[in-house]
Each structure stands twice: as C-alpha cells, then as structure tokens.
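>>> just the structure for this:
(one chain, ligands or ions: 1)
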Amino acid sequence: MRSIYLTGFMGAGKTSIGHALGEKLGLSVYDTDSLIEEKMDESISDYFAKYGEEDFRRLEGKVLLSLPVTDSVIMTGGGIIKRADNISWMKENGLMVFLYCDMEVVLQRLENDITRPLIQEKNKEEIKALFSERLPLYKKAHITVDTSSLSVNEAAEKVAVAIKSWHSGQH
Ligand code: S3P
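Residues are numbered from 1 along each chain as shown. Sure thing, here's the model as predicted:
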C-alpha cells in the first residue's frame, strides 16, 4: 500500500490522528517534525530561531524524501505544502490527505502554544489569513477529511474509511 501523507494546518490534529491511524491500519508511523528535532537535536522553535524558515523548509523537504513510500503513515508539518516539490512528491508517491479543521477549533488549540514559531507574533486574524493563504495548497490533496468535531479515534476511523473508498474508486 502506498504511504499516507497527512497534511493540514497547525493544530489540526495530524500527529495524534496519525498515530491512531497507523495503529488502526497496522502501518509504520513517521512524523517529519519529530524527525527533524531528533536529527538536529533541538526543538523546531530553536531551529527556526537559529537558521530561519528557509533552512527549515530545505531540511523538511529532505526528510520527506527520505521516508518510505509504502506501508506508512507520514505526519507532516503544516507548512510542507509551501514547496510545490513536496506536494508533487506526496501525490506521486503516496496518498495525500488533507485534515481540515475549523479555524475556531484550531485557534482554541493554538491559544497558549509556544512551540510553533510561525504563530508566536500573530494575532487570530493573522493566523486565519495564513490558513486562507494555504488552503488552496492543502486542497491539492487526493482526499479531504473534515475532523472538526471529531475525537482522535473518530477522525482516524473517518480517514481510514475515506482512504478505503478512494482506493476502491481507483479500480
Ligand atoms: C509549521 C508547522 C509546524 C512545524 C513548524 C512550521 C507551519 O508543524 O512544522 O512550526 O509552517 O505550519 P505542525 O503543523 O505539526 O504544528
């Protein structure tokens, strides 16, 4: 089975849903942000502060390309779609899934977050604007799943069903 790439905005639940999905489908699980942190032995915030976003994006792209294209669930950072090459890679090698989540839910989850450098200086309107700017890129995914009002397990189940139905539509 082709790998499943989970994409979506910060706070959409990619990491927790990804773990639940991996368990449900019996697939290996990888998280690009965690892999970057392990590789560099520092937090994403520290990495951004030291080297900036451009360097982070280069590293993120490299990590993406290094991950298996079969039998895996790959959770990506919210900005992975900023590079067209990353979108092409995910679509050509696997199944790209967009985890949509209402902005009100996202904003609530991000309210006291100090781990995501790109929102530290932004107010709610600016965060919403960033989401709107990125939305057309997320929409390039093969599948969109709205997880707004769902628990982690319900969301993972909904994604699993959507993937199954996408695969059956391919034949
Ligand atoms: C980012 C999202 C973060 C992380 C970094 C940049 C973004 O990942 O990769 O802070 O540009 O949206 P999450 O989506 O897991 O928060």
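>>> quick one: mean pLDDT over the strand or helix carrying residue 128.
Using DSSP states H and E, residue 128 maps to helix 124-138. Helix 124-138 shows a mean pLDDT of 97.
>>> can you pull out the helices in the protein?
In the chain, helices defined by DSSP state H lie at 14-25, 32-40, 44-66, 84-93, 103-110, 124-138, 152-169, listed in chain order.
>>> so what secondary structure elements neighbour the first one?
Looking back up the chat, that one is helix 14-25. Under the contact criterion of 3 or more Cβ pairs under 8 Å, 6 or more residues apart in numbering; DSSP states H and E, helix 14-25 touches strand 4-7, strand 28-31, strand 72-75, helix 152-169. For glycine as for every other residue, the C-beta is placed from the backbone atoms N, C-alpha and C.
>>> go through that helix and flag the buried ones.
Residues of helix 14-25 classed as buried by neighbour count (16 or more other Cβ atoms under 10 Å): 14-15, 17-22, 25.
>>> what do you get for the second one?
For helix 32-40, a neighbour-count test (16+ other Cβ under 10 Å) marks 32-33, 35-37 as buried.
>>> distance to the ligand and pLDDT added to the residues you listed, as a markdown table?
Below are the buried residues of helix 32-40 laid out as a markdown table (distance: Cβ to the nearest ligand atom, whole Å; pLDDT from 0 to 100):
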| residue | distance to the ligand | pLDDT |
| --- | --- | --- |
| 32 | 7 | 98 |
| 33 | 5 | 97 |
| 35 | 11 | 98 |
| 36 | 8 | 97 |
| 37 | 10 | 97 |
